[in-house]
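Undergrad: Quick one, structure for this:
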Amino acid sequence: QVAGDSDILMTKAGEFVNLLANSDFETAGAEFDSTMKSALPPGKLNELWKSVIERLGPFMGQTGARIDSIENYDIVFVTCRFENSALDIKVVFNKQRKIAGMFFVPVQVKFEYSPPPYVDKSSFAEREVSIGAGDWTLPGTLSMPKGVRLVPAVVLVHGAGPNDRDETVGQNMPFRDLAWGIASKGVAVLRYEKRTKVHAIKMMGIMESLTVRQETIEDAIAAVGVLRETDGVDPEKIFVLGHSLGGMLIPRIGNADP
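TA: The predicted structure follows:
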């Protein structure tokens with residue numbers, strides 16, 4: 001970025017949010033790139049905004065903004081107050097300063113994670129792994145019990161939405177709780193970042209045709225494949241555990257890789 005770009009983009013993001021709050025969806029959509037204009041025409045943008053208001057209550061105002069960059073995109077997080085809660089509106093800009101993506105995500109509050117009492121951190125070790133290959137590679141974490149020659153293993157499959165490997169919501173990290181608790185009992189656990197989080201920008205281009213196979217099933221199968229090739233894991237005792245959407249798709253995951 002050149003000097004001043006950050007301020008310009010944060011201002012544009014703030015103006016965009018104000019247009020949403022004022023129900024001026026035609027003007028708001030004029031800032032979209034071609035993909036976003038196709039995916040979110042004014043009518044759909046109106047429906048999306050109404051669904052947020054119905055869930056969180058009336059819009060009360062903006063409380064701040066921060067900017068980040070990834071690949072060829074700049075991302076502005078506009079923190080907003082609604083009557084019932086706060087929310088970050090994530091506005092993604094391409095290099096032409098057009099909006100290439102928009103997401104409603106929980107406000108990121110820094111906190112120190114405290115593991116549950118059933119976790120014994122001395123009983124397992126963790127290492128980074130990669131899930132899948134090519135354009136859709138995902139980072140993951142393997143929690144491996146210590147001092148055991150051959151262990152069973154489980155893959156944790158997320159619910160709907162762009163979840164991280166811990167399924168972080170506010171100050172809750174249920175997948176980390178599960179991984180550390182299960183690993184403390186002698187079972188290896190593999191958890192990973194969801195495709196819709198790591199590759200959110202690329203996936204915007206296929207949202208109209210996105211299937212649960214692309215969102216969830218393929219990566220769960222790839223994670224099982226990683227465990228099959230992991231020294232110390234019993235390839236005959238690999239299990240898949242899903243939450244919400246991930247749980248609903250367990251039969252399809254099993255059928256896809258008997």
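
Undergrad: Return the residues in contact with the residue nearest to Ile75 when sequence neighbours are not counted.
TA: Spatial nearest neighbour of Ile75, chain neighbours left out: Asp68 (4.8 Å); criterion: Cβ to Cβ, 6 or more residues apart in numbering. C-beta coordinates here come from the backbone N, C-alpha and C atoms, glycine included. If you count contacts by Cβ atoms under 8 Å, 6 or more residues apart in numbering, Asp68 has them with Asp74, Ile75, Phe77.

Undergrad: who wins for most neighbours among those?
TA: Asp74 (22 neighbours; other Cβ atoms under 10 Å).

Undergrad: circling back to that earlier point, which SSE is the residue nearest to Ile75 in?
TA: strand 59-70 (DSSP states H and E).

Undergrad: Flag the shaky bits of the stretch 1-150 of the chain, pLDDT-wise.
TA: 1-4, 109-110 (pLDDT under 70).

Undergrad: Check this protein for me, the residue farthest from its geometric middle.
TA: Arg149 (33.8 Å; Cα atoms, centre = their mean).

Undergrad: those strands in the stretch 51-200 of the chain, which residues are they?
TA: Using DSSP state E, counting those that start in this stretch, the strands of the stretch 51-200 of the chain run over residues 59-70, 73-82, 86-93, 99-105, 124-131, 138-145, 151-157, 188-192.

Undergrad: so of the ones you listed, which one's packed in deepest?
TA: The highest mean neighbour count among the strands of the stretch 51-200 of the chain, using mean count of other Cβ atoms under 10 Å, belongs to strand 188-192: a mean of 27.

Undergrad: Run the angle between that strand and strand 138-145 for me.
TA: Relative orientation of strand 188-192 versus strand 138-145 (axes from the mean of the first three to the mean of the last three Cα atoms, to 10 degrees): 160 degrees.

Undergrad: can you list contacts of strand 188-192?
TA: By Cβ under 8 Å, 6+ apart, strand 188-192 touches 129, 131, 138-145, 151-156, 165-166, 175-176, 178-179, 182-183, 219, 223, 226-227, 230, 232-233.

Undergrad: partner strands of it, parallel or antiparallel?
TA: The strands beside strand 188-192 in its sheet (DSSP bridges) come out as strand 138-145 (antiparallel), strand 151-157 (parallel).

Undergrad: got those strands as JSON lines, with distance to Ala28 columns?
TA: Shown next, in JSON lines, are these (distance: least, Cβ to Cβ, whole Å):
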{"stretch": "strand 138-145", "distance to Ala28": "32"}
{"stretch": "strand 151-157", "distance to Ala28": "35"}
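
Undergrad: May I have the distance across stretch 231-247, first residue to last?
TA: Terminal residues of stretch 231-247 lie 27 Å apart, using Cα to Cα, to the nearest Å.

Undergrad: And that stretch, what's buried?
TA: Val233, Ile238, Val240, Leu241, Gly242, His243, Leu245, Gly246 (16 or more other Cβ atoms under 10 Å).

Undergrad: I'd like to know how far the closest residue in space to Met144 that isn't next to it in sequence sits from Ala223.
TA: In this structure, Met144 finds its nearest non-sequential neighbour in Ala188, 5.1 Å apart by Cβ to Cβ, 6+ apart. According to Cβ to Cβ, to the nearest Å, Ala188 and Ala223 sit 12 Å apart.
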